[in-house]
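Q: Using only what follows, build the 3D model:
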Amino acid sequence: MYEPLVQRVTTQHQFTGLTAGEIEPYLTHRLAVAGVAHPLFEPAAAEFIYQVTKGVFRKIDLLCVQSLQRAAEEKIKTVDQPTVEQALKQNFWALNFKYY
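A: Take a look at the predicted model:
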């Protein structure tokens, strides 16, 4: 890390990410902030998102945006697990993830 920056940082926090039970409320909140009043992610899709991302916000957000884009392309109203699986193929950080 850049030493002058390290000298100026006075507080550090290690964030562990969301738990499996926090994924659906997080997605609901993010969608509500965007003005969406109904759930767009099926429960199985939310669980799969957790399995892939391990609760890391940046990965969750990226995978969800790509899943929503894929759902829009396919003209489906809710994101299911197969849609997330298709979006997952666009992510370099998930290349080694195996799902069956």
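Q: What count of nearby residues applies to residue 77?
A: Look at residue 77: counted by other CB atoms under 10 Å, it has 8 neighbours. C-betas here are computed from N, CA, C, even on glycine.
Q: which residues touch the most centrally placed residue in the chain?
A: Among the residues of the chain, the one closest to the centroid is residue 60, at 1.4 Å (CA atoms, centre = their mean). Neighbouring residues of residue 60 by CB atoms under 8 Å, 6 or more residues apart in numbering: 18, 23, 26-27, 49, 53.
Q: Of these - the most surrounded one?
A: Highest neighbour count within these: residue 49, with 27 neighbours (other CB under 10 Å).
Q: Work out for me the element the residue nearest to the centre of the chain sits within.
A: Using DSSP states H and E, residue 60 falls within helix 57-74.
Q: May I see the buried residues of the helix or strand that comes right after that helix?
A: Downstream of helix 57-74, the next assigned helix or strand under DSSP H and E is helix 81-88. Within helix 81-88, the residues scored as buried using 16 or more other CB atoms under 10 Å are 81, 83-84, 87-88.
Q: No further queries at this time; thank you.
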